[in-house]
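In: Sequence and computational prediction follow.
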Amino acid sequence: MSLDKATVRKIAQLARLQVTEEAEQAMVGELNAILAFVEQLNQVDTAGVPPMTSVVEMRLRMRADEVTEGGDPEAVLANAPERAGDFFLVPKVVG
Amino acid sequence: MSALTDLTLAEQRDGLRAKEFSAVELAEASIAAMAEARALNAMVVETPERARADAARADARIARGEAGALEGIPVAVKDIFCTKGVGTTAASHILNGFVPTYESTVTAKLWNAGAVLVGKSNMDEFAMGSSNETSYYGRVENPWRRKGDNRGLVPGGSSGGSAAAVAARIVGGATGTDTGGSIRQPAALTGTVGIKPTYGRCSRYGIIAFASSLDQAGPMTRTVRDAAIMLGVMAGFDPKDSTSVDVAVPDYEAVLDKGVKGLRIGIPKEYRLDGMSAEIAALWQRGADWLRAAGAEVHEVSLPHTSYALPAYYIVAPAEASSNLARYDGVRYGLRAGGDNLTAMYENTRGEGFGAEVRRRVMIGTYVLSAGYYDAYYRKAQQVRTLIARDFKHAFDDVDAILTPASPTPAFAFGDKTDDPIAMYLNDVFTVPVNLAGLPGLAVPAGLNAQGIPLGLQVVGRAFDEATVLRVGRALEQAADFTMMPEPWWRS
């Protein structure tokens, strides 16, 4: 599988990454090298092998459905690039 | 008397308790060492005032007989741990100006035990790198240089600032995180000790996420004893991390000197790579001989899927990273770039805020998770991961610990591998399988090469058996008798 420039542009859009024309060209080569490297996995017979879903043998715990923290808008908004009252401000979404 | 900063963490602890010096004096020594070592660029934030206040509090607690396990001990914290009120950026421009309003569990444990924060250490951006050259705040230089050669060397990465700070004797201990080798490889390249605990042993709460199924925090120190002390404080169950495991944390320091007599040590034959350098092969052999001489039984084991670990890692880690890094959108924290509409603002913020290696991994991750490719890449990689974990499980039927080199080469020069991502990725060939299987791994310095720079060995153990890993590490450390220090060329 080999990526072309159009595919790289599409992935960049999916990833919401502004990529310059020049960087796009460089990325075609870099990403293809990495994909060629991971192609080796096709040599491994994984028929019937379950994909790892838990790194160590454990079950996820259940917890009571209770509010344990929150109610502190100042802490949540402290790092906001732009805010208005208790809201985050973003560029206009609807015209 | 030698400088207070030359003392190991255990010696600092004992000296403080015996009131040979105060925590304030020790903090001042550490602050001065940090200021003198700015040429290394090991720190991204210095917190001298915080350190002085922490130290004064520690002295008061020591006077009252209430000293915690790390009371009055200066530490550096990798800039990937959120520290309340202290800027945290994971060395990325996209977190420009971010000051957490909460504390990571691991660092909270350090402060509860009395540790003193001297600053945040530099790292590869979002922990993506093996040379500490991807930091937005500039590369870190290794305190070690080749004999008769003034050219700078990389400290390894991603916890390169922590490794350099410990090797240069700014602090006796620092925190690191390890996703594919980011504690162990820099430890090996700087002649320091670093342990990546079992996945689930240290809480990930408040650690900026890279690849959530691989990330683990651990200590970086100059001795195995110091690593044992620090790990004991950092480890433990935390309800705030759903993958934190509720098992008791042993007294690691108490079991250190039990020796390795009767332990079975495995040498994985697949780690004998084609083209392995003679110095690394000799180092590995020497390590096996040392353990045998100390009474361990050493024999070969097989980990047949070893060569597939790196390719599996370079699917799993970028996939998880692309998902984790989706949160950096310029809305809630950090950098915001301009844009006419919301999408343009997202794209401009992320394009400007992420460095080249992070962009590359976000792109790979997005691609392998995109419609139609999930099964071919991510699912396949997670299947291979199951096979790698099984390999270790089978090996541990026959042995108690596994011995390997920690890195395929010693420290290399700046720029050597920056143009070739795959060459850089190969640095982690011995460490990545351990993360994929979630096991504990320790890097311990084992000597200097012919050019006079450090080489390290790695000990891998069963899940949650850090105690045996540390015991084996201690035996290697004793046999290696590694007491060499880098020449302090960086002192201004």
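Out: Happy to help now that I have it. Numbers count the residues shown, from 1 in each chain, chains lettered A, B, ... in the order given.
In: what mean pLDDT does stretch A:63-77 have?
Out: When pLDDT is averaged over stretch A:63-77, the result is 93.
In: Could I have the CA atoms of it written out in CSV?
Out: The C-alpha trace of stretch A:63-77 is given here as CSV (Å, rounded to 0.1, in the frame of the first residue of the first chain):
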residue,chain,number,x,y,z
ARG,A,63,-18.1,2.3,40.5
ALA,A,64,-21.1,4.0,42.0
ASP,A,65,-22.8,6.4,39.7
GLU,A,66,-22.2,9.5,41.9
VAL,A,67,-20.9,12.9,41.3
THR,A,68,-17.5,13.1,43.1
GLU,A,69,-16.1,16.3,41.8
GLY,A,70,-17.0,19.3,39.6
GLY,A,71,-19.0,22.5,40.1
ASP,A,72,-15.8,24.5,39.6
PRO,A,73,-16.1,26.5,36.4
GLU,A,74,-13.2,28.7,37.3
ALA,A,75,-10.8,25.7,37.4
VAL,A,76,-12.2,24.4,34.1
LEU,A,77,-12.0,27.8,32.3
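In: Give me the contacts around the longest helix along chain A.
Out: In chain A, with assignment by DSSP state H, the single longest helix is helix A:21-38. Contact with helix A:21-38 is made by A:1-5, A:8-9, A:12, A:19, B:310-312, B:314-315, B:356, B:359-360, B:363-364, B:367, B:377, B:381, B:421-422, B:425, as judged by CB atoms under 8 Å, 6 or more residues apart in numbering or on different chains. Using the backbone N, CA and C atoms, a C-beta is placed for each residue, glycine as well.
In: Could you do stretch B:9-24 as well?
Out: B:4, B:7, B:26, B:52, B:54-56, B:58-59, B:62, B:67, B:69-73, B:116, B:172-173, B:221-223, B:225-226, B:229-230.
In: list the buried ones in that stretch?
Out: B:9, B:10, B:11, B:12, B:13, B:15, B:16, B:21, B:22, B:23, B:24 (16 or more other CB atoms under 10 Å in any protein chain shown).
In: same thing with stretch A:80-92?
Out: A:80, A:81, A:90, A:91.
In: Is that stretch positioned near chain B?
Out: Yes. Judged by CB under 8 Å from any CB of the partner chain, stretch A:80-92 and chain B are in contact via A:80, A:81, A:82, A:88, A:90, A:91, A:92.
In: export those residues to TSV and tack on secondary structure and pLDDT?
Out: Compiled in TSV, the residues of stretch A:80-92 next to chain B are given as follows (DSSP: H, G, I helix; E, B strand; the rest coil; pLDDT from 0 to 100):
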residue	secondary structure	pLDDT
A:80	coil	97
A:81	coil	97
A:82	coil	96
A:88	strand	97
A:90	coil	94
A:91	coil	92
A:92	coil	86
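In: quick one: which of those residues is nearest to residue B:192?
Out: residue A:81 (38.1 Å; CB to CB).
In: any idea where the strands of chain B begin and end?
Out: Residue ranges of the strands in chain B, as given by DSSP state E, are B:43-46, B:74-78, B:116-121, B:173-178, B:193-196, B:216-221, B:264-268, B:297-301, B:401-405, B:441-448, B:454-461.
In: Between these, which one is closest to chain A.
Out: Closest to chain A of the strands of chain B is strand B:216-221 (CB to the nearest CB; 9.6 Å).
In: Could you list every helix and strand in contact with the closest one?
Out: helix B:160-167, strand B:173-178, strand B:193-196, helix B:224-234 (3 or more CB pairs under 8 Å, 6 or more residues apart in numbering or on different chains; DSSP states H and E).
In: In TSV, list these along with mean neighbour count.
Out: Shown next, in TSV, are those (neighbours: other CB atoms under 10 Å in any protein chain shown):
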stretch	mean neighbour count
helix B:160-167	35
strand B:173-178	30
strand B:193-196	34
helix B:224-234	26
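In: What residue in chain A comes nearest to chain B?
Out: Closest point on chain A to chain B, by CB to the nearest CB, is residue A:18, at 2.9 Å.
In: so who does that residue touch?
Out: Neighbours of residue A:18 in contact, by CB under 8 Å, 6+ apart: A:12, B:347, B:348, B:350, B:351, B:352.
In: one more time with 6 Å
Out: B:347, B:348, B:351 (CB atoms under 6 Å, 6 or more residues apart in numbering or on different chains).
In: excluding its backbone neighbours, what's nearest residue B:456?
Out: Nearest non-adjacent residue to residue B:456, counting by CB to CB, 6 or more residues apart in numbering or on different chains: residue B:188, 2.9 Å away.
In: Roughly how far does that neighbour sit from chain A?
Out: Separation of residue B:188 from chain A (CB to the nearest CB, to the nearest Å): 23 Å.
In: Need the pLDDT of that residue.
Out: 98.
In: same thing with residue A:4?
Out: Looking at residue A:4, the pLDDT reads 93.
In: just to revisit the earlier point, which of the buried residues of stretch B:9-24 sits closest to residue B:279?
Out: Nearest to residue B:279 among the buried residues of stretch B:9-24, with distances taken as CB to CB, is residue B:9, at 29.5 Å.
In: thinking again about what came up before, give me whichever of the strands of chain B is most buried.
Out: strand B:193-196 (a mean of 34; mean count of other CB atoms under 10 Å in any protein chain shown).
In: Residue B:288: neighbour count?
Out: 18 (other CB atoms under 10 Å in any protein chain shown).
In: Pick out the residue closest to the middle of chain A.
Out: Residue closest to the average C-alpha location in chain A (CA atoms, centre = their mean): residue A:15, at 7.2 Å.
In: one step back: dump the strands of chain B into TSV; add distance to residue B:341 and mean pLDDT as well.
Out: Shown next, in TSV, are the strands of chain B (distance: least, CB to CB, whole Å; pLDDT from 0 to 100):
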stretch	distance to residue B:341	mean pLDDT
strand B:43-46	34	98
strand B:74-78	37	98
strand B:116-121	35	98
strand B:173-178	36	98
strand B:193-196	43	98
strand B:216-221	39	98
strand B:264-268	54	98
strand B:297-301	58	98
strand B:401-405	52	98
strand B:441-448	47	98
strand B:454-461	50	98
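In: what about residue 47, neighbour count?
Out: Chain wasn't specified; assuming chain A. For residue A:47, the count of nearby residues is 6 (other CB under 10 Å).
In: actually chain B
Out: Residue B:47 has 23 nearby residues by other CB under 10 Å.
In: mind checking how far the residue nearest to residue B:272 when sequence neighbours are not counted is from residue B:267?
Out: The shortest distance from residue B:272 to any non-neighbouring residue, by CB to CB, 6+ apart, is to residue B:281 (7.5 Å). Going from residue B:281 to residue B:267 by CB to CB, to the nearest Å gives 12 Å.
In: Where does pLDDT dip in the stretch 351-492 of chain B?
Out: Where the stretch 351-492 of chain B drops to pLDDT under 70, the residues are B:492.
In: The residue of it found nearest chain A: what's it in contact with?
Out: Proximity of the stretch 351-492 of chain B to chain A (CB to the nearest CB) peaks at residue B:351, 2.9 Å away. Taking CB under 6 Å, 6+ apart, we find residue B:351 in contact with A:17, A:18.
In: Residue A:15 now?
Out: Residue A:15 sits in contact with B:362, B:366, where contact means CB under 6 Å, 6+ apart.
In: at 8 Å instead, please
Out: B:322, B:350, B:362, B:363, B:366.
In: Most neighbours among those residues, please name it.
Out: residue B:362 (28 neighbours).
In: Find the residue closest to that residue in space, skipping its chain neighbours.
Out: Using CB to CB, 6+ apart, the closest residue to residue B:362 is residue B:322 (4.7 Å).
In: hang on, the earlier thing: ok, which of the helices and strands packed on strand B:216-221 comes nearest residue B:105?
Out: Among those, the nearest to residue B:105 by CB to CB is helix B:224-234 (9.0 Å).
In: any chance you could map the helices in chain A?
Out: A:5-14, A:21-38, A:73-77.
In: mind giving me a markdown table with those and columns for mean neighbour count?
Out: Compiled in a markdown table, these are given as follows (neighbours: other CB under 10 Å):
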| stretch | mean neighbour count |
| --- | --- |
| helix A:5-14 | 16 |
| helix A:21-38 | 16 |
| helix A:73-77 | 13 |
